[in-house]
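>>> no sequence for this one, just the structure:
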């Protein structure tokens, strides 16, 4: 009997160790971390944990871990705090990161220079671990909208996994954002490509209540079925390349048409002669217009 109890205690300890290893670092923290970098445009707080490490993510893959960076503009903080743009990177759900091989996304320092805080997140890259063999995203979404309104079921799981992490980051933001001087009454959700699909799925399918999202800045992304957008959803601002052969411009047209149909404020720009992922061009051409639109939506509250 004693031996049996000892074995059970040992098994219990082993189980606890597995749970601890899987859960990783606790998201609770006692104080705001030290800034890791200060530039002329922003103060950067890096690799803040917004959710426990998933058992699905090995330590060698920080890009799939639940970490975020916060870029705080330099200068005097507004009385209400800094308005916030949550940025979700692209990469086809199998690559990319909040800071990728080429460095910081060009829109991030541009936003900070204009007085907007940026929260850039990593999220679970399910496509890295569950690839759809022989059926890349450009083959499925490049030709146009799905005829039956449905994408490959595994592709759908990519959206769901990424947006689940996006919601986790918003919950963290609701809890700790004020410590960084962020105005949680002015929040935009943005992204490019897979990041835009994540932002769209988060805002219009999951519809989180933890943070009031004012507007979605959709850069060359799309929803599986735009009819899910309802009348009380966040406003929409879309830019999409005319000759995008990865995610067809038809996705942008469908989003704008649906938003207009249900009465959501929507702006849609087709970038003539442009293909997929035109980050520098979009920043230079549309950022000021987007920010004016963003401010309009906060006034409407």
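That came through fine. It should be emphasised that the depicted structure is a prediction, and the values quoted were computed from it without experimental measurement. Numbering: from 1, shown residues only.

>>> can we go C-alpha only for contacts and neighbour counts from here?
Will do.

>>> Need the three-state assignment for the residue nearest to residue 32 when sequence neighbours are not counted.
Nearest residue to residue 32, sequence neighbours excluded (C-alpha to C-alpha, 6 or more residues apart in numbering): residue 179, at 7.2 Å. Put simply, residue 179 is helix when judged by DSSP: H, G, I helix; E, B strand; the rest coil.

>>> Pull the number of nearby residues for residue 179.
By other C-alpha atoms under 10 Å, the residues close to residue 179 number 10.

>>> got it, and the one 3 residues further on?
A total of 24 residues lie near residue 182 under the criterion other C-alpha under 10 Å.

>>> Report the beta-bridge partner residues of it.
Using DSSP bridges, the beta-bridge partners of residue 182 come out as residue 82.

>>> That one: what's it in contact with?
80-84, 117 (C-alpha atoms under 8 Å, 6 or more residues apart in numbering).

>>> Tell me how far it lies from residue 51.
19 Å (C-alpha to C-alpha, to the nearest Å).

>>> what do you get for residue 233?
Where residue 51 is concerned, residue 233 sits at a distance of 26 Å (C-alpha to C-alpha).

>>> Residue 70 too?
Counting by C-alpha to C-alpha, the gap from residue 70 to residue 51 is 15 Å.

>>> ok, now residue 65?
From residue 65 over to residue 51 (counting by C-alpha to C-alpha), the distance is 8 Å.

>>> Ok, residue 265 next?
For residue 265 relative to residue 51 (C-alpha to C-alpha), the value is 32 Å.

>>> Out of those two, name the residue with the larger neighbour count.
Remark: of residue 265 and residue 51, residue 51 carries more neighbours, 21 against 18, as counted by other C-alpha under 10 Å.

>>> now that one, what's its secondary structure?
Assignment for residue 51 (three-state DSSP): coil.

>>> ok, now the one 4 residues further on?
For residue 55, the reduced secondary structure class is coil; criterion used: three-state DSSP.

>>> Around it, how many other residues sit close by?
As a burial measure, residue 55 scores 13 neighbours (other C-alpha under 10 Å).

>>> How about the backbone phi and psi for it?
Dihedral pair for residue 55: phi -60, psi -20, per degrees, to the nearest 10.

>>> pLDDT score for it?
At residue 55, the pLDDT value in this model is 89.

>>> what do you get for the one 4 residues further on?
The predicted local confidence for residue 59 comes out at a pLDDT of 91.

>>> From residue 66, how far off is it?
Distance of residue 59 to residue 66, computed by C-alpha to C-alpha: 12 Å.

>>> The two - which one has more neighbours?
residue 66 (24 against 13).
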